[in-house]
Every structure is written in structure tokens, then in C-alpha cells.
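A.B. asks: structure for the following, please:
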Amino acid sequence: MIQLIYLLVIAVMLLLSAGVRAQGDTVRPGKGGLVTRNLKPGVKQYLVTYQDPAHDRQLRFWYWVREIGTSERNGQPVFIINQRWYGSDTPAYRTVYSINEAGTFAPVYHQELVRGKVNAYNWRWDGVSGADSVAENARKGFSLAFAEPNLNWNLDIETFEMLPLAEGKSFLINFYDAGLDPPQYVRYTVKGSERLALEGGEAADCWVLTTEGKDPQGNDYSESYWISKREHAFLKEVDHFNGMMRYKVLLPPLTPDVRVGFAR
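C.D. replies: I've put the predicted structure just below:
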């Protein structure tokens, strides 16, 4: 009898653990889930295009430059990530400056210049607030408390590069887009592997990470990301949403740094 009860307890524990695994590994500061040593300092440039199948003579685009660096803040190691988004006109230009803890990738500070407005936030494990010390900060009075610490959704590319990807794994990432709706867990699943053709006839063996759901208007969307197994580099993204298609492609190292051509 005792042995039977013992076997039943073991069976229940196995079922519960299987259910947790089916949901996915929780990823947020304090919970782990990111391999921060995989995030390499340096400059990466991406071509981002938008297509509407109903308008076959129009292609909208961005050109992104993302620079990852390391430093110290209050004696603690941090990642500093600078982004510059270039479009076809001046109002489209955007800059993003983010500071994250080196050990957990927890956000510490985030500042954007969007259509001429500065949005700056001090980001803590228990909440986010507008930075009072930043001149002309349009979000100076903003404040939001967190039930749990979260990750900066604006840095999803860098976050994906740090995931311990493997066949069939799923991740529940607690993401927050600064200044918008409260944080939410988003499920991402490794659907398999694929080899991507590179320049010079070479190829990269990649994990294919996917997510899907509905936007605030109730429209279906799906996103797929190709991350190289060897370098943990985000190489490509393909999205479908509201009848549109979006592509993000990492440009090869031979691509000139476009920032050199602009006055700083």
C-alpha cells in the first residue's frame, strides 16, 4: 500500500513538471533564463522592410544600427546599447539609448527620441518612472509599478541572442515596452532548425524561434526569427500582421557603418 501511494505521488509530480515544461521556461530578471555571455559587444546593422501585398509598387523600410557596449554604473557592470533608426525622411529618424545590468539584463535606464520628443525612464525591478533629471522629457510624470521584474521589449533582438535555444524548447518572456501597457509574458517556441545561405556560398545553421497571437485590435500575427547556433547571432526575422509582411535582415560585416557619413 505504501509503495502504491509512493508511486502515485511520483506520477503526479511528473505530470506537474511536464505541464510546467509544456508552458515554457520563465525568463525574467531574478528568474534567470538568459546566457548573457552570448551578447557580444560591437555594431550590427539591419535592413527592415515592410510590404503590403495590395500595393506591389511600394516598399517601406528602416535602416537600423545597433551598437552594444559594456561599462560600469554605480560600480556595477552594465550593457549600454545605442540604436539609430534611419528612414526615408527626417521625422522617421529615431535614437534609443538603453542601460541594462550585465548579470541579469534587467533594464536600468531607457531613453528614446521619437518624432522629435524625448521619452526617458528610470527602470527598476519594482517599477518604472519618468526621469526627472532629463531636460524636456515628455514622460517626466509617468510612473508604473511592477508585480515582477521584466525585460525591455525594445531589446528583443539582443534578448533572443541570449536564450539557451534547443529543439522543442519554449520560453515565457516577461517583456515591457517602456511607457505603454503593463508588462506581459510572451511565449516563444523553437520550431526547429534551418540553414540560411550567406555570402560567399557559406551557410549558417540556425534555430527558428517563433511566436504568434493577436494584436490589441484582435488581428492575428506571427513572427519567426533565425538565430545562428554557433555565434548566437540574430540573422533574420519574418513577420505577418494585419495583411502586411515585415522582414529584418542582418547586413554582412562588409557593409559600411552608415553613421560615418552623418554629422554627429
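A.B. asks: in the chain, which helix or strand is least confident?
C.D. replies: None of the helices or strands of the chain scores lower by mean pLDDT, DSSP states H and E than helix 2-23, at a mean of 41.
A.B. asks: the helix or strand following that helix - what's its average pLDDT?
C.D. replies: Sequence-wise, the next helix or strand downstream of helix 2-23 (DSSP states H and E) is strand 25-27. Averaging the model's pLDDT scores along strand 25-27 yields 97.
A.B. asks: give me the contact list for strand 25-27.
C.D. replies: Strand 25-27 is contacted from outside by Gly33, Leu34, Leu151, Thr159, Leu163, Lys169, Ser170, Phe171, Leu172, Ile173, Asn174, Tyr185, using Cβ atoms under 8 Å, 6 or more residues apart in numbering. Using the backbone N, CA and C atoms, a C-beta is placed for each residue, glycine as well.
A.B. asks: do the same with stretch 221-241
C.D. replies: 35, 38, 44, 157-158, 160-163, 165, 191, 193-194, 196, 204-215, 219-220, 242, 245-250.
A.B. asks: buried subset of these?
C.D. replies: Neighbour-count burial (16 or more other Cβ atoms under 10 Å) applied to these gives 44, 157-158, 160-163, 165, 196, 204, 206-211, 246, 248-250.
A.B. asks: among these, which ones are in strands?
C.D. replies: When DSSP state E defines the strands, the subset of the buried ones among the contacts of stretch 221-241 inside them is 44, 196, 204, 206-211, 246, 248-250.
A.B. asks: specify which member of these is nearest to Pro53.
C.D. replies: Pro53 lies nearest to Arg246 out of these, by Cβ to Cβ, at 12.4 Å.
A.B. asks: how close does Ile227 get to Val208?
C.D. replies: Separation of Ile227 from Val208 (Cβ to Cβ, to the nearest Å) stands at 8 Å.
A.B. asks: do the same with Val48
C.D. replies: Distance, Val48 to Val208, by Cβ to Cβ: 19 Å.
A.B. asks: one more: Gly87?
C.D. replies: The gap separating Gly87 from Val208 is 28 Å, by Cβ to Cβ.
A.B. asks: on the three-state scheme, Pro149 is what?
C.D. replies: Using DSSP: H, G, I helix; E, B strand; the rest coil, the structure places Pro149 in coil.
A.B. asks: check whether it really touches Gly30, as I assumed.
C.D. replies: Yes - at 5.5 Å, Pro149 counts as touching Gly30 under the criterion of Cβ atoms under 8 Å.
A.B. asks: what residues are shared contacts of those two?
C.D. replies: Jointly contacting Pro149 and Gly30 under the rule Cβ under 8 Å, 6+ apart are Ala106, Trp125.
A.B. asks: quick one: which of these two has more around it?
C.D. replies: A side-by-side neighbour count of Pro149 and Gly30, using other Cβ atoms under 10 Å, places Pro149 first with 20 against 10.
A.B. asks: what residues are up against the residue lying closest to Phe142 once chain neighbours are set aside?
C.D. replies: Using Cβ to Cβ, 6 or more residues apart in numbering and skipping residues adjacent in sequence, the residue nearest Phe142 is Gly130, 4.2 Å away. Under the criterion of Cβ under 8 Å, 6+ apart, the neighbours of Gly130 are Ala120, Tyr121, Asn122, Asn137, Arg139, Lys140, Gly141, Phe142, Ser143.
A.B. asks: let's see it at 7 Å
C.D. replies: By Cβ atoms under 7 Å, 6 or more residues apart in numbering, the contact list for Gly130 reads Ala120, Tyr121, Asn137, Arg139, Lys140, Gly141, Phe142.
A.B. asks: next, count neighbours for the closest residue in space to Gly127 that isn't next to it in sequence.
C.D. replies: Excluding the flanking residues, the one nearest Gly127 by Cβ to Cβ, 6+ apart is Ala145, at 4.4 Å. Neighbours of Ala145 under the rule other Cβ under 10 Å: 10.
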